[in-house]
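> I would like the atomic coordinates for the input below:
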Amino acid sequence: MKRPFEPAEPTRVAEPEVQRAGETASPRPALSPPGPLHDPCFCFLSAQGVPPQGLLEGARRAEEERVPLSRAVLAAGIIAEDSLYRYLARHLGLRFVEEPVEVVVPEIEGALEAGLVPFGPSTQDRCWLIAPAPERIPELLTGRRLRAPAGRRLFVTSPMRYRRLVCKAAADRLADRASADLLRFEPAMSARSFSRTPALIFAGVIAAFGLAACAPGPWWLACSALLATAIAVKLHATIASARPQAPPGPRLADAGLPVYSVLVPLYREERVLPSLLAALAALDYPRSKLDVKFVIESDDAGMRAALARARVPPWIEIVVAPPGSPRTKPRALNVALLLARGSLVCVYDAEDEPDPRQLRDAAERFAVEPPELACLQASLAIDNMADSTLTAFFGLEYAALFDVQMRGLSALGLPLPLGGTSNHFRIEALRRVRAWDAWNVTEDMDLGLRLARFGFSVKTMPSTTYEEAPARIGAWVKQRRRWMKGGMQSLLTHCSQPRRALRELGPMGALAALSLIAGPLVGYLIAPLLALRLGLYVATGWPAPGSASELAQSVVALFILICGAIALIWPITLGMRRRGLFAFWPALAMLPFYLALLSWSAWRALYDLLRDPYHWAKTEHGLARTSRRRRARPR
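Next up is the predicted model:
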């Protein structure tokens, strides 16, 4: 029986009382924003000297987006967050804390949710630091007062400063949470529990399959059955991809849209920062409901300097991941997820250029789908296909994967190995399965399988994100080595308890997942041996008719070869037609060379798995010379 993770109940930090003199405390009702012109913030900010034009523009946005005026003016950049909270502190007769202070964080989630932590050099002199959410500012301006716990003094700071102080004070626990949360609650589903013994067994199985390619026997039958199943699943998915995709739900006005968190991990991405900011600015989504987190590493001085020089809008927050291991993208995402305030979450890479309506389309689709739908995967397309023959074939491969294969798997209701970007989640489902595995270097594939094992579904959505492909062979092989090593990690992890995986995925889901992950990996690894055997056959002649076993083996191998070629070429052809890529058909001439590169990458990945399983090989971006979306892009 599939069971979801039940997150531990966080320890709550006592909130200060907010009440009028003489009132008895009562539960605070849910806040429904007043009309913007009647919002206490309007008169308050006007008295602080904020220009009337800016306030009227903020009031218009607050009315359209159905948010408090304080949230609207902050998101629009009409007033800086520090300025607003400095004015608020002066109004409340409290001191605004700007300099770093040492805060005490008993529990990370509780402190972040409450917006209140103690600080001070000793228990006797301890004060309380508060950062009210913008939605709470109107009630603080209507005559209510803050009363600190146990008569302690209160100090005010801005929410972004507050989150930085909490994350710095709890850096060790935050790093541990980002790296080991899944490992503690479901160790069998984390690649960290993986040892070299299963990898050696996997290498032995591959060697046995390789020997089976040259001699008939049980191993040869197992190898043939695995490849045949993988081919059948691909052909079935290709046929199913012709089914129409579910359209987005009914159009939602800005007032009906939920808060959307967008997580963007950045590491040495200075070259693409301007295009990333432009792509995010083009998103068609209310700024007051957009919560973008840029996650950088603590020692990435170049990225930190580039962000300091750039004009980062106020709805983007820069999150510094605390030092720790492993240094991977999923670990950075886990750090940012703790700070996300949206009910929906999306992941973008630094070089991505999503369709402007992608967030809105996903939100409208989630609004009409059942809660079991945990994730929507948008299509990925290569933008710089004209850079080289390698990028052209990369683009054709992506068209076959995202516009044919994954669309077909979604239509069949089978487990979907996610792409590394442009996946949109319900945050409750993501937290229930303990988010990303920080130790898996292909965290997207692993997360897609884990969501399926815990009873959630993943679907595709008709929206596109353009990204950059490596144009040089060395960079391409480096990227594929990481992807294939992560595929091996996912295979070994999810097969460590085969009975449980079969029970949770179901027979068809388990068969599809095994064939889609293990089939290509085994095929790429034994392809050189099969090619060697074919060369020997050509050189020495086909087996004599009297050798029945050899003849049967050759017939089966030839049948698998023909079906495999169909399963490879047919999705590419369909993807070319659906994407309008027939101008790049000459790239198909390099198919044998491309397959040879895949085999080389698979063997290097197996070596990396045995030598350094958790190393993240970084792919450089910002090197594209051409663009399908723009005529030219400077180097």
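
> C-alpha only now, for contacts and for neighbours.
OK.

> so Ala321 touches Ser298, yeah?
Yes - in terms of CA atoms under 8 Å, Ala321 counts as a neighbour of Ser298; the distance is 6.0 Å.

> Looking at those two, which one has more neighbours?
Ala321 (25 against 14; other CA atoms under 10 Å).

> Could you count how many residues lie near the closest residue to the more buried one other than its chain neighbours?
Distance criterion CA to CA, 6 or more residues apart in numbering; nearest residue to Ala321, sequence neighbours excluded, is Glu297 at 5.2 Å. The local packing of Glu297 (other CA under 10 Å) involves 21 other residues.

> pLDDT score for Glu297?
Glu297 carries a pLDDT value of 94.

> Look up phi and psi at Ala378.
Backbone torsions for Ala378, taken as degrees, to the nearest 10, come to phi -80, psi 160.

> now swap in Gln377 and tell me
phi -110, psi 120.

> if I look at it, how far off is Arg472?
With distances taken as CA to CA, to the nearest Å, Gln377 is found 28 Å from Arg472.

> Please identify which of the two sits among more neighbours.
Taking neighbours as other CA under 10 Å, Gln377 and Arg472 compare with Gln377 leading, 28 against 13.

> List the residues that contact the residue nearest the centre of the chain.
Geometric centre of the chain, nearest residue: Val347, 3.8 Å, by CA atoms, centre = their mean. By CA atoms under 8 Å, 6 or more residues apart in numbering, Val347 lies in contact with 262-264, 420-424.

> Point out the least confident one among these.
At the low end of pLDDT for the contacts of Val347 is Gly420, which has 86.

> shouldn't that one be in contact with Asp444?
Yes - Gly420 is in contact with Asp444 according to CA under 8 Å; the separation is 5.1 Å.

> okay, those two: which has more neighbours?
Each of Gly420 and Asp444 has its neighbours counted (other CA under 10 Å); Asp444 has more, 24 against 17.

> Show me the helices in the stretch 101-250 of the chain, by range?
Assigned by DSSP state H, counting those that start in this stretch, the helices in the stretch 101-250 of the chain fall at 108-114, 137-140, 159-169, 171-185, 196-212, 218-240.

> which stretch in those helices has the least confidence?
Among the helices of the stretch 101-250 of the chain, helix 196-212 carries the lowest mean pLDDT, at a mean of 64.

> neighbours around the residue nearest to Thr442 when sequence neighbours are not counted, how many?
Closest residue to Thr442 apart from its sequence neighbours, by CA to CA, 6+ apart: Gly486 at 4.3 Å. For Gly486, the count of nearby residues is 26 (other CA under 10 Å).

> residue contacts, Gly486?
Going by CA under 8 Å, 6+ apart, the list of residues near Gly486 reads 440-443.

> what's the answer for Thr464, then?
Thr464 touches 354-355, 358, 378-381, counting by CA under 8 Å, 6+ apart.

> Looking at these, which is nearest Leu257?
Leu257 lies nearest to Gln358 out of those, by CA to CA, at 13.0 Å.

> Give the residue spans of the stretch 1-150 of the chain that score low on pLDDT.
Along the stretch 1-150 of the chain, segments meeting pLDDT under 70 span 1-37, 121-125, 143-150.

> again with the stretch 251-400 of the chain
Applying pLDDT under 70 to the stretch 251-400 of the chain picks out no residues at all.

> Tell me where it has strands.
260-265, 290-297, 316-321, 344-347, 353-354, 373-382 (DSSP state E, counting those that start in this stretch).

> Report the strands that pair with the shortest one, each with its relative direction.
When pairs are called by DSSP bridges, strand 353-354 turns out to pair with strand 457-467 (antiparallel).

> And the very next helix or strand once past the strand it pairs with, how far out from the chain middle?
Using DSSP states H and E, the helix or strand that follows strand 457-467 towards the C-terminus is helix 473-494. For helix 473-494, the separation from the chain centroid amounts to 17 Å (computed by CA atoms, centre = their mean, to the nearest Å).

> same question, stretch 231-240
From the chain centre to the centre of stretch 231-240 is a distance of 26 Å (CA atoms, centre = their mean).

> List the contacts of that stretch.
Contacts of stretch 231-240 (CA under 8 Å, 6+ apart): 404-409, 411-412, 512, 515-516, 563-564, 567, 570-571.

> now with 10 Å?
Contacts with stretch 231-240, where a contact means CA atoms under 10 Å, 6 or more residues apart in numbering, come from 225-226, 228-230, 241, 400-401, 403-412, 414, 511-513, 515-516, 519-520, 560-561, 563-568, 570-571, 574.

> Now list the buried members of those.
226, 228-230, 241, 400-401, 403-412, 414, 511-513, 515-516, 519-520, 560, 564, 567-568, 570-571, 574 (16 or more other CA atoms under 10 Å).

> Quick check: Gly395 touching Leu380?
Yes - contact criterion CA atoms under 10 Å: Gly395 and Leu380 qualify, at 9.2 Å.

> for the spatially closest residue to Gly509 that is not a sequence neighbour, helix, strand, or coil?
Distances taken as CA to CA, 6+ apart place Leu414 nearest to Gly509, at 5.5 Å, with adjacent residues excluded. Following DSSP: H, G, I helix; E, B strand; the rest coil, Leu414 is assigned to coil.

> and the lengthiest helix in the chain, average pLDDT?
Longest helix in the chain by number of residues (criterion: DSSP state H): helix 498-540. What helix 498-540 shows for mean pLDDT is 82.

> and it, what does it pack onto?
Other helices and strands packing on helix 498-540, by 3 or more CA pairs under 10 Å, 6 or more residues apart in numbering; DSSP states H and E, are helix 196-212, helix 218-240, helix 443-453, helix 473-494, helix 548-579, helix 591-611.

> mind checking how far it is from the chain centre?
27 Å.

> now it against helix 443-453, angle please.
Between helix 498-540 and helix 443-453, the angle comes out at 130 degrees (axes from the mean of the first three to the mean of the last three CA atoms, to 10 degrees).
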